[in-house]
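Colleague: Sequence plus predicted model, see below.
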Amino acid sequence: MLIAIDPGKTTGICCGVRAHNVQKFDVTLAREVTWNNRFWFREYLFDCRDVIEKIIIERFKLFPKRETMLAQINSEFPSVRIIGIVEAYADMYGLLDKIVYQEPNDRKSVHTPIEHQQALGASDHVKDAYRHLRYYLLTHQKG
């Protein structure tokens, strides 16, 4: 199973299981996790620890652009905190080596096929997590 995470104050999660064709997979979970439920990862990673192939998570970087820095004033950096939570639980369950980081722009080159659109719902965060999962599959083909 692959787990993709779009971290933030509202976090998108998308999980999938590979089909025989490397570019095909079944969406097994697509959901938003709110900030108040951010420790949900503890149980989910524990329950799935034996079948997790990869945990794909969007990397967070603060760039030295004036407008970006000004927008971050007084931020508690929820994306960074979610990444830390996932890393901590992954380490507890022996999954730290399964984490793959992606840049935010990586997902932008990937489209969502019609057959998966309904499963993802309306959440942009879930759709972004889905695109990170799909990007991983397209760039890490099993041989």
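Modeller: Structure received.
Colleague: Spatially nearest residue to residue 4 (excluding sequence neighbours)?
Modeller: residue 133 (3.6 Å; C-beta to C-beta, 6 or more residues apart in numbering). All C-beta spots, glycine's among them, are computed from the backbone N, C-alpha and C.
Colleague: what kind of secondary structure is the one you found in?
Modeller: Classification of residue 133 using DSSP: H, G, I helix; E, B strand; the rest coil returns helix.
Colleague: Does it touch residue 5 like I think?
Modeller: No. Under the criterion of C-beta atoms under 8 Å, residue 133 makes no contact with residue 5, lying 9.4 Å away.
Colleague: Return every residue with contacts to both of those two.
Modeller: Overlap of the contact sets of residue 133 and residue 5 (by C-beta atoms under 8 Å, 6 or more residues apart in numbering) consists of residue 56.
Colleague: averaged over its residues, what pLDDT does the helix or strand hosting residue 46 have?
Modeller: Element membership of residue 46, judged by DSSP states H and E, is helix 40-48. For helix 40-48, mean pLDDT is 87.
Colleague: wait, residue 42 sits on residue 89?
Modeller: Yes. Using C-beta under 8 Å, residue 42 makes contact with residue 89 at a distance of 5.3 Å.
Colleague: after the helix or strand of the chain with the lowest mean pLDDT, next one along is what?
Modeller: Lowest on mean pLDDT, DSSP states H and E among the helices and strands of the chain sits helix 66-71, with a mean of 63. Counting by DSSP H and E, the next helix or strand C-terminal to helix 66-71 is helix 78-92.
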